[in-house]
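1. What follows is a predicted structure for the sequence shown.
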Amino acid sequence: MRHFFRTDYRQDLSLYRSNSERVWYAILAVLLLAGPQILGEFYVGELGGLFIFAIAGVALMLLVGYTGLISLGHAAFLGIGAYVNAVLLKQGVPFLITLPVAGLFTALCGAAIGRPTLRMSGLYLAIATLAFGSIVGTVFQKWESVTGGFDGFAVPTPYIFGIAIDNTTGIYYTSLAVLVFVLWVSANLLRSPIGRAMVAIRDSEVSAQSMGINLARYKTLAFAISAGMTGLAGALFAHYVRFLAPDAFDVLLSVQFITIVFVGGLGSLRGAILGAAFVRLLPQFIAIVRDELPFGIGRLPGLEPSLFGLVLVLVILFQPGGLNGMWLKSKAWFQEFPFKRQTSYRRQKSYAKSERLR
Amino acid sequence: MEDAARILQLVVNGAAAGCIYGLIALGFVLIYKATEMVNFAQGDIMMLGGFVAFSLIAQWGLPYWLGALLAIVITAAFGYLLDAFVLRRVIGQPQFAVVMLTLGLGFIFRAVAGITWGYDSVGFNTPFTNRTINVGGLILGADNLSIIVGTVLLCLVLYVFFSKTRLGVAMQAASQNQLAAYYMGIPVRRIFSLIWAISAGVACLAGILLSPVSMIDVNMGSLAIKSFAAAVIGGFGSIPGCLVGGVLVGIVEQFAGYKLPAGFQEVTSNVVLLLMLIVRPQGLFAERMGKRV
C-alpha cells in the first residue's frame, strides 16, 4: 500500500498525486497526440466519436455523479448545441465563435429548464427531463425553417485559423482539445467551493442546506454547466455526423449517456471516459462478432439497446462502482497483495430510505 | 348541435385514451407508494401482457374472457418474480439507480418480446372490436366504452381490496410505514412483491383493453411517457388522482389534436407535465408532508 506524505502546500494544490501519475499521463498524452499518425483512418474516426461522447459523459458525470441529479434529457442538450453551431456556421460565423456560443446557449437552456424543475427531487427530475427531451426532439422535427425537418441539412465545414476541419484527423484533434479543456475545468471545479457544494448536495440536501448552501442556486449552476458542456459536445457531434437529422437526438441517446455514467462509475471523471469508451466500443464489438454468434442472435434488430439495458442492469446490481470501481479494486488487489479478504468489498446491508420527504 | 356531438365524441375518446394512461399510471403509483421505486418499465410490462394475451387468445384459441384472465394472472406472476429476484436487491440504493435499472429492464423486455413475437403489430378479436353503440344519436365505439367501464370496475375492485381485505390493509400499512409494518408482523418483502404483481396485472389489463383500439406491438410501451403526466397531475401518491390525471391528459390531447395544428398533439402531454411540475409539483391531490431532520 502506498501512502502519500504531503510536505508542501503545492502538493495539496496539484492535480496529480505523485510523479508516477504525471509520467503515465504524459505517456498517454504523447500516445493520443501521435494517434492519427499510427492508427488507420477508421480508428481515428471512432476515437473522435469516443472523445465527443466522453465530453458529454464528463458533463453528465458532474450532474449525476457529483450533484446527484439525474437527467434523461441530455440528448436534447446535445441536439441544441449541434443545431446552434450548425445554423450559426451556415450564417457565416467562424467556428471559433460558434463553438463557445453553442456551449453558452445550451448552458442558458439548461439553466432555464433547470431552475423550475430543480425544486423536485431525483424522480420528478428524471420525468421532467424526459419530457423536456421529448419536446425538444419534436421541435427539431417540426421547426422546418431552421432545422430542415426530417430531411435535415449538411453541416458546413468549420475552419480554425484558415485550416479546414473536414477529415477525421481534424475532428480527432479538435475533440481531444475540447475534452482536455472540459476535464481541466471539471477537475478544478470539483476542488472549488462550487464543486464541494455540489458533492454536499448529492450526499444530503438537508445537511447541505443547513451548512448555508443555496440549493436552488447550486443545482441550477450544476445543471447549466453540465448542459453547456454537453452543448460543446453537440457542436462537435454536428461535425462528426456531418449531416444533422432530428432522429439522432432521441431518448435512446440520453440513455446511452446515462449508461456512460453508470457503467463508468458514479463520482469519477476517469469513469466518464471509461464509460464513453465502453458505450462507443460496444456497437463496434457487436458489428465484429455479429456473424459469429449462434442462432442468428447478431441479426436481431433490437440487439444493441437491449445489450445496453442488460449491461446497465448488471452494473447496477453487481458492480455499482462501474468500470472505475473495477479498476480501483484491481489496483488495490495488487498493492495489498496478498491481503485481500473476502469481506474487503462486501456491500453494507441497505434499507429502504425514504426520499419522499425532502 | 353538430358541434356539441363532436365535442362529446372527443371527450369520450379522450377519456378512453386517458383511462389507459391512468391505468399505466396506477401501476406506477402503487409501486411508488409502497416501495418508493418508479417503474420505468411499466409500459413495457403492459406490452408483454398484451402479447401474452395475444398468444393465449389468438394463437392458442382460448375464449376471450378466459384468455384475458389467464394473461393477467401470468403477467402478475411475472411482476412478483421480477421484484423477488431483481428489484429487491436495489432497495436502499439511490433512487436514480432504480430508475436506470427499470429503464434497462424495459429495453430487455422489448428485445425479448421482439424475439418471441416478432416486430409486427398484432391484434386479436375481442367482443368489442369494430362495434359501435348508439347512445341518443351519439355513435360511440364499443372498444372505447369497454376501456372506460373496465377502468371503473377495476377501481372499484381495487378500492374494496385495499379498504376491506386483510391483505389490502396490510399493503397500506407496509407502504405507510415499513418499520411499523414489520413490527406488526406483516411480511413486508412478500407484500412488496405482491404489490409488484398487482401493478403488473393492472398493466396487463391496460394492454388487453387497449388492443382493440391500437394494435399490440413492441413499442407500445412508449405510452408510459404520457402516463407520467397522469401520475404527476395526480401527485404520484394518489390512486384516484392518477386516474383523474389520466383522463385530463387524454381529453386535453384530443382537443389539442382537434384545435391546434398538427404536431402539437404529440407534445401536449409533455407540455402539460412540465407545466404541472413547474406550477404545482406536488400534484392536484397531494398529501402535505415535511421532514424531520
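-> The structure has been received and is ready for your questions.
2. For residue 32, list the residues it contacts.
-> If you meant another chain, say so; for now it's chain A. Contacts for residue A:32 (Cβ atoms under 8 Å, 6 or more residues apart in numbering or on different chains) come out as residue A:176. Quick note: C-beta positions are derived from backbone N, CA and C, even for glycine.
3. that's the other chain; I wanted chain B
-> For residue B:32, counting by Cβ under 8 Å, 6+ apart, the contacting residues are A:123, B:38, B:231, B:236-237.
4. So which elements touch the helix or strand hosting residue A:123?
-> Using DSSP states H and E, residue A:123 sits within helix A:122-142. On a contact count with 3 or more Cβ pairs under 8 Å, 6 or more residues apart in numbering or on different chains; DSSP states H and E, helix A:122-142 meets helix A:74-90, helix A:95-117, helix A:144-147, helix A:251-264, helix B:95-117, helix B:223-234, helix B:264-279.
5. for the fifth one, which positions count as buried?
-> Going by neighbour count (16 or more other Cβ atoms under 10 Å in any protein chain shown), the buried part of helix B:95-117 is B:95-115, B:117.
6. now the shortest one
-> By neighbour count, with 16+ other Cβ under 10 Å as the criterion, the buried positions of helix A:144-147 are residue A:147.
7. Now do the same for the residue of the stretch 151-300 of chain A at minimum distance from chain B: helix, strand or coil?
-> Residue of the stretch 151-300 of chain A nearest chain B, by Cβ to the nearest Cβ: residue A:206 (5.2 Å). Classification of residue A:206 by DSSP: H, G, I helix; E, B strand; the rest coil places it in helix.
8. all helices of the stretch 151-293 of chain B, in order?
-> Secondary structure of the stretch 151-293 of chain B (DSSP state H, counting those that start in this stretch): helices at B:166-176, B:178-183, B:188-210, B:223-234, B:239-259, B:264-279.
9. Tell me the spacing between the residue of the stretch 151-300 of chain A closest to chain B and residue B:10.
-> 47 Å (Cβ to Cβ, to the nearest Å).
10. And the contacts of residue B:32, which is closest to residue A:76?
-> Nearest to residue A:76 among the contacts of residue B:32: residue A:123, at 19.1 Å, using Cβ to Cβ.
11. Touching, the closest one and residue B:40? I think so.
-> No: using Cβ atoms under 8 Å, residue A:123 makes no contact with residue B:40, being 10.0 Å away.
12. Which residue is the nearest non-sequential neighbour of residue B:143?
-> Setting aside the residues directly before and after it, residue B:143 is nearest to residue B:212 in space (Cβ to Cβ, 6 or more residues apart in numbering or on different chains), at 3.9 Å.
13. Spatially central, which residue of chain A would that be?
-> Nearest to the mean C-alpha position of chain A, counting by Cα atoms, centre = their mean, stands residue A:57 at 0.8 Å.
14. Identify the residues contacting it.
-> Here residue A:57 is in contact with A:257, A:260-261, A:264, A:272-273, A:275-276, A:279 (criterion: Cβ under 8 Å, 6+ apart).
15. what's the answer for residue A:49, then?
-> With contacts defined as Cβ under 8 Å, 6+ apart, residue A:49 is in contact with A:240, A:280.
16. What's the separation between it and residue A:201?
-> Look at residue A:49 and residue A:201: by Cβ to Cβ, they are 32 Å apart.
17. how about the residue nearest to the centre of chain A, phi and psi?
-> In terms of degrees, to the nearest 10, the main-chain angles of residue A:57 are phi -60, psi -40.
18. what's the distance between it and residue A:187?
-> With Cβ to Cβ as the criterion, residue A:57 and residue A:187 are 14 Å apart.
19. And for residue A:48?
-> 22 Å.
20. Surely residue B:122 is in contact with residue B:54?
-> Yes: using Cβ under 8 Å, residue B:122 is in contact with residue B:54, at 5.3 Å.
21. Name the nearest residue to residue 108, sequence neighbours excluded.
-> No chain specified, so I'll use chain A. Closest to residue A:108 by Cβ to Cβ, 6+ apart is residue A:224, at 7.3 Å.
22. Please refer instead to chain B.
-> Nearest non-adjacent residue to residue B:108, counting by Cβ to Cβ, 6+ apart: residue A:309, 4.6 Å away.
23. Look at the one you found and say how many residues are nearby.
-> Applying other Cβ atoms under 10 Å in any protein chain shown, we find 26 residues neighbouring residue A:309.
24. what residues are up against it?
-> Contacts for residue A:309 (Cβ under 8 Å, 6+ apart) come out as B:103-108, B:111.
25. so it is in which element?
-> Going by DSSP H and E, residue A:309 is part of helix A:303-318.
26. Give me the angle between the biggest helix by length in chain A and helix A:251-264.
-> Longest helix in chain A, counting residues (DSSP state H): helix A:215-241. Relative orientation of helix A:215-241 and helix A:251-264, computed by axes from the mean of the first three to the mean of the last three Cα atoms, to 10 degrees: 110 degrees.
27. who's in contact with residue 149?
-> You didn't say which chain, so I picked chain A. For residue A:149, the contact set (Cβ under 8 Å, 6+ apart) comprises A:141-143, A:246.
28. Residue A:257 too?
-> Applying Cβ under 8 Å, 6+ apart to residue A:257 gives the contacts A:53, A:56-57, A:60, A:74-75, A:78.
29. So which of these wins on neighbours?
-> The most crowded member of these, judged by other Cβ under 10 Å, is residue A:57 (38 neighbours).
30. For that one, give its distance to residue B:99.
-> Between residue A:57 and residue B:99 the computed distance is 18 Å (Cβ to Cβ).
31. Can you tell me the number of residues neighbouring residue A:65?
-> By other Cβ under 10 Å, neighbour count at residue A:65 equals 25.
32. Got phi/psi on it?
-> phi -80, psi -30.
33. Would you confirm that it contacts residue A:263?
-> No: using Cβ under 8 Å, residue A:65 is not in contact with residue A:263; the gap is 11.9 Å.
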